[in-house]
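Enquirer: Any chance you can model this:
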Amino acid sequence: MRLKLNCDLGESFGAWKMGLDDEVMPHIDQANIACGFHAGDPLVMQKTLALAKTHGVEVGAHPGYPDLVGFGRRSLKATSDEIRALMCYQMSALDGMAACEGLTMSYVKPHGALYNDMMADSSVRAAVMAAVASYHRPIVLVLQGTPDAEQHRAEAEQYGLKLSFEAFADRCYDDDGKLLSRTREGAVHSKEKMLAQVKQLKETGTVTSISGHTLNLYADTLCVHGDNMAGVQAIQTIRAMIDSEEC
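Expert: Okay, here's the model as predicted:
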């Protein structure tokens with residue numbers, strides 16, 4: 001399969017610097033840009049968008065719960081109406097700033113706890129889908145690719161939504177096809193296991209779960225992380241693997 005590479009970027013805030021965006025951007029296809037609720041600020045958003053434009057990278061909104069202190073990794077008891085509103089607010093902010101840079105936001109990928117809640121709770125997923133569907137023009141929604149992909153595709157069709165399914169390069173999968181919780185040992189792969197998982201996914205469309213089960217996993221895009229130079233180097237290696245005819 002031909003995978004795009006996506007990365008969460010624009011997550012610095014004020015004097016606090018997060019990630020190596022300048023180093024990562026040349027090697028990816030899609031930049032998921034923080035919209036100010038879990039990370040990012042107007043200047044960071046502007047600079048990240050300009051960087052994406054320089055390298056011809058597709059831009060998408062990366063909205064999260066309003067939780068700067070917790071980096072959006074804590075679930076909030078938000079109502080469906082609140083989720084729809086916070087999604088639309090953040091998508092609109094990124095889309096408007098992208099337009100000022102001569103870019104068009106083409107997709108949305110929820111961040112952190114909102115992403116996890118969306119995958120685990122059908123009511124949260126429905127609220128997210130309703131928010132994206134209510135946008136004033138068609139936007140693709142990124143969901144985690146799991147064995148339930150066809151069910152999720154059917155749900156999206158009810159809203160007239162197009163989905164893009166995502167796999168993760170550095171995360172271990174549980175036996176049910178979900179990501180292994182970060183609280184469990186082995187949740188994040190070593191570099192060697194990460195590259196092996198990318199190779200397996202590209203060649204066979206499968207991943208191996210924590211217990212050794214082979215799981216079919218359709219994916220359009222692969223999430224990578226560039227928080228340090230080792231991560232950037234891994235992205236460069238993955239880029240070469242994805243672009244190569246042979247792994």
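
Enquirer: Residues contacting the longest helix along the chain, please?
Expert: The longest helix of the chain (DSSP state H) is helix 80-100. Outside helix 80-100, the residues that touch it by Cβ atoms under 8 Å, 6 or more residues apart in numbering are 33, 35-37, 42, 45-46, 49, 59-66, 78, 104-105, 108, 110, 114, 123-124, 126-128, 130-132, 134-135, 139. In this view, the C-beta of every residue, glycine as well, is placed from N, C-alpha and C.

Enquirer: so where's this structure shaky on pLDDT?
Expert: Counting by pLDDT under 70, the chain shows low-confidence ranges at 1, 245-247.

Enquirer: got the contact list for the residue positioned nearest the centre of it?
Expert: Central residue of the chain (Cα atoms, centre = their mean): residue 109, 5.0 Å from the mean position. Going by Cβ under 8 Å, 6+ apart, residue 109 touches 6, 32, 60-62, 115, 141-142, 166.

Enquirer: what's the distance between residue 40 and residue 189?
Expert: Counting by Cβ to Cβ, to the nearest Å, the gap from residue 40 to residue 189 is 27 Å.

Enquirer: Settle it for me: which of those two has more neighbours?
Expert: Higher neighbour count among residue 40 and residue 189: residue 40, with 25 against 18, using other Cβ atoms under 10 Å.

Enquirer: Quick one: residues contacting the more buried one.
Expert: Here residue 40 is in contact with 10-13, 33-34, 48 (Cβ under 8 Å, 6+ apart).

Enquirer: Out of these, who's the most crowded?
Expert: Using other Cβ under 10 Å as the neighbour criterion, residue 33 leads those with 31 neighbours.

Enquirer: How about residue 220: what's its closest non-neighbour residue?
Expert: residue 164 (4.6 Å; Cβ to Cβ, 6 or more residues apart in numbering).

Enquirer: Kind regards, and thank you for your time.
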